[in-house]
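A.B. asks: Have a look at this prediction, sequence included:
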Amino acid sequence: MPLARTDTSPLFGAGASSTLRLVVYLAAGVALMVADYRGHYLARVRQHAAVAVEPVYRIAAMPADAARTVRLAIADRQALTQENQRLREALLLTQARLNRLGAVAEQNTRLKELLDVQHSLGLGVQLAKLIDIVLDPYRQRITLDAGARQGVVVGQAVLDAYGVMGQISEVLPTTSTAVLITDTSHALPVVIERTGLRTIAYGSGSSDRLDVPNIPVSADVKSGDKLLTSGLGGSFPAGFPVGEIVSVAAEPSGMFAVAVARPAAALERSGDVLLLRPLADPVGPPALKPDSGPPAPPPEALAPAAAASAKPATTAPAASPAAAPAANAGAGSTRTGAPPVAAPPVNTPPPVNAPPEPTP
C-alpha cells in the first residue's frame, strides 16, 4: 500500500532552497547574539518572555511542590510530637526532682533546727521520726519510730524545734506512742515567763489550743505572755516553751479568769522530734570525799622519832610521895574559905634503872 504524501515540506529539506534558508537562519541568529552581547538589545525581550513563561513553570512544578510540602508537614508533625513528648517527660521528671529537693531542703532545715536545740539544751536527747499522727477531738497521739530497743521509756518528754509536744505514754520494742499536750487527758505545769505565775495548761482536744483555767482575777496575765514549763512534777525540765497566751476572759462566777493559749510546737507539721532522756536524781546526802593530806613518811623515818619519844618516859624520875600533899595544899589554897583536902598517897612504881632495895 503506497504511503500518503503530505503537502507540507520540512523546514530544512534537501535541495538548494533549504540550504539557503538554513544559512539565512544561522546568519540571523549570529547577528542577534552579537547584537545582544554588544548592545543588550534583547534584555527587555527576555524579561517579558520570562514573565510570560514563569506561570507555566510554576504550574508544572505544583504537583512536586505539593508532595514535598505534605511530606515535610507529616515529618515535622511527627518530630514535633515526639519532641513535645520528650519535653513533657523531662518537665515532669524535673518537677518531681524539684519537689524532692524542696522536701529535702525543708527536712534539712528542720534537722538543723533540732540540732541547734540539742546543742543549746545541754541535756541527753534522742532523735526520732514521726510515722503516724492522730488529731481527732478525743485522741491526740503521735507514733514514733523509736521504742524500747532504742532506750525509750514511758514518761519521756517529746520536743520539736519550737517547744514541748507531749509525753511518751506507751513503749513497744521498735515504736512508741506519745500523748500530745493538746489531748484532753493531758495537763502540764507551766509558768508565765513575764510574771512568774505558776498554773496548769490543759489540752482542749484541738491541735491549736490550750486551756489555762483557774487564774486569779488579780493576776497580771495578758495576751502575748509566754508559757514555759515550770519543772514541777519531774516530767518536763523547767524553761521549755509551751505556748503563748491568745486571750484572757473572766469565768461566769467572776472568781477566776480563763486564758486560751496557742501551742509553741508545730504539732501538725513536725516530722522529726527530740526525746529527752530522764536524768537520775541523787538520793540522800552526797558521798564523802576521800581523805586528802600529805603523804605518810616511810617507816625508816618514823623509827628514830618513836625511839626518841619513848626514852624520856623510861628515864623520868618518880615523883616523891611528899610532893603530892604539897601540890594538893597549894591547889587547895586557891579556894576561899575551904579547908585543904589531903590527897591519898600515890603508889609510884620504882624506876626501871634503880637498884633493888635491900631486904631487912
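C.D. replies: Everything's here; your move. Keep in mind it's a predicted model, so treat the numbers as computed, not measured. Numbering: from 1, shown residues only.
A.B. asks: average pLDDT across stretch 210-220?
C.D. replies: Confidence for stretch 210-220, expressed as mean pLDDT, is 91.
A.B. asks: Tell me who's in contact with Asp211.
C.D. replies: Contacts for Asp211 (CB atoms under 8 Å, 6 or more residues apart in numbering) come out as Ala201, Tyr202, Gly203, Ser204, Val258, Ala259, Val260, Ala261. No exception for glycine: its C-beta is placed from N, CA and C like everyone else's.
A.B. asks: what about 10 Å?
C.D. replies: 182, 184, 187, 200-205, 258-261 (CB atoms under 10 Å, 6 or more residues apart in numbering).
A.B. asks: could these be laid out in a markdown table, adding neighbour count?
C.D. replies: Formatted as a markdown table, those follow (neighbours: other CB atoms under 10 Å):
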| residue | neighbour count |
| --- | --- |
| Thr182 | 25 |
| Thr184 | 16 |
| Ala187 | 14 |
| Ile200 | 15 |
| Ala201 | 24 |
| Tyr202 | 19 |
| Gly203 | 22 |
| Ser204 | 18 |
| Gly205 | 17 |
| Val258 | 15 |
| Ala259 | 25 |
| Val260 | 17 |
| Ala261 | 24 |
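A.B. asks: Redo these as a markdown table? Include secondary structure.
C.D. replies: Output for these, formatted as a markdown table (DSSP: H, G, I helix; E, B strand; the rest coil):
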| residue | secondary structure |
| --- | --- |
| Thr182 | coil |
| Thr184 | coil |
| Ala187 | strand |
| Ile200 | strand |
| Ala201 | strand |
| Tyr202 | strand |
| Gly203 | strand |
| Ser204 | coil |
| Gly205 | coil |
| Val258 | strand |
| Ala259 | strand |
| Val260 | strand |
| Ala261 | strand |
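A.B. asks: Helices of this structure, start to end?
C.D. replies: All helices of the chain, identified by DSSP state H, fall at 16-39, 43-121, 299-315, 323-332.
A.B. asks: Where among those helices is average confidence lowest?
C.D. replies: Among those, helix 323-332 scores lowest, at a mean of 40.
A.B. asks: ok, back up a step: tell me which of the contacts of Asp211 is nearest to Arg77?
C.D. replies: Arg77 has its nearest neighbour among these in Thr182, at 60.2 Å by CB to CB.
A.B. asks: Just the pLDDT at the closest one, thanks.
C.D. replies: With respect to pLDDT, Thr182 has a value of 94.
A.B. asks: Since that was my last question, I'll sign off now.
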